[in-house]
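**Q** Here is a sequence together with a model predicted from it:
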Amino acid sequence: MAGFRSLARQVRDPRRSPTQRRTYLRRCLERFAPYGHRATWDHLCAGAGIAPDDREPDPARLLAALAELEEARAVWLAYEREFAARRKEEKHSGIRQPGALDDWHRRTWGGNGVAWCEDPRVHPDARLADVLRRLIAAIDAGPGTGCPVCGEERLRWRTGLDHYPGSGPVCGRCGIVVPVPVLCEAALGEARGALLRTA
């Protein structure tokens, strides 16, 4: 199976047809898709001006979408290196039991679904790298009161999600499933209360 960088080279290859290059870009999302495959594709298409169903898009637009995806991947890989170094140091210090944040991170290793969007058409408008930087800043800052991406404080707990976790707080503005470890107990309680009020 080809890795992300190999697939990205195929997207850049001018000898390939636009259809093939589009296919390779879609395959890049099998390796790295922060919002989930469909939502990340929708986001990249909107940002690059590609119709999602266009089978022969302008190669320049494909390259713009790839550049955004690669920038975001670089941000996430840098975070994963820092995370791995921190865990190594913690283990050396005798801290063997991972916390809630570590458990969440383990399940999003590689960046797939790290800012999962349950509805593929509802996702943050900001560039992927900026969204990941905000999410990482929220992780480093500790529990907060709202969505780390857009600041929305009215979150709604949803069950039956198509991704890990199977339930969680969803931002009504930008559409991400907010990682539980970045929210304080009051924000989690409010989100769960919103579910009970609508049930």
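**A** Cool, got the structure.
**Q** secondary structure element for residue 114?
**A** With the criterion set as DSSP states H and E, no secondary-structure element contains residue 114; it sits in neither a helix nor a strand.
**Q** how near is it to residue 124?
**A** Distance, residue 114 to residue 124, using C-beta to C-beta, to the nearest Å: 12 Å. In short, each C-beta sits where N, CA and C put it, glycine included.
**Q** for residue 148, same thing?
**A** 11 Å.
**Q** go on, residue 105?
**A** 20 Å.
**Q** Out of the two, name the residue with the larger neighbour count.
**A** Neighbours were tallied for residue 105 and for residue 124 using other C-beta atoms under 10 Å; the higher tally belongs to residue 124 (24 against 20).
**Q** which ones are touching residue 33?
**A** Listed by C-beta atoms under 8 Å, 6 or more residues apart in numbering, the contact set of residue 33 reads 39-41, 111-113.
**Q** can these go into a markdown table with extra columns for secondary structure?
**A** A markdown table is the format used below for the contacts of residue 33 (DSSP: H, G, I helix; E, B strand; the rest coil):
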| residue | secondary structure |
| --- | --- |
| 39 | helix |
| 40 | helix |
| 41 | helix |
| 111 | coil |
| 112 | coil |
| 113 | coil |
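**Q** Which two of the residues you listed have the greatest separation?
**A** 41 and 111 (14.9 Å; C-beta to C-beta).
**Q** residue contacts, residue 120?
**A** Residue 120 neighbours (C-beta under 8 Å, 6+ apart): 35-36, 38-39, 41-42.
**Q** Tell me, how many residues neighbour residue 24?
**A** For residue 24, using other C-beta under 10 Å, the count is 20.
**Q** How about it, nearest residue that isn't a chain neighbour?
**A** In this structure, residue 24 finds its nearest non-sequential neighbour in residue 10, 3.9 Å apart by C-beta to C-beta, 6 or more residues apart in numbering.
**Q** So what touches the helix or strand where that neighbour lies?
**A** Element membership for residue 10 (DSSP H and E) is helix 4-12. Helix 4-12 is contacted from outside by 2, 16, 20-21, 24-25, 27-28, 31-32, 62-63, 66, 70, 73, using C-beta under 8 Å, 6+ apart.
**Q** Off-centre distance for that helix?
**A** 20 Å (C-alpha atoms, centre = their mean, to the nearest Å).
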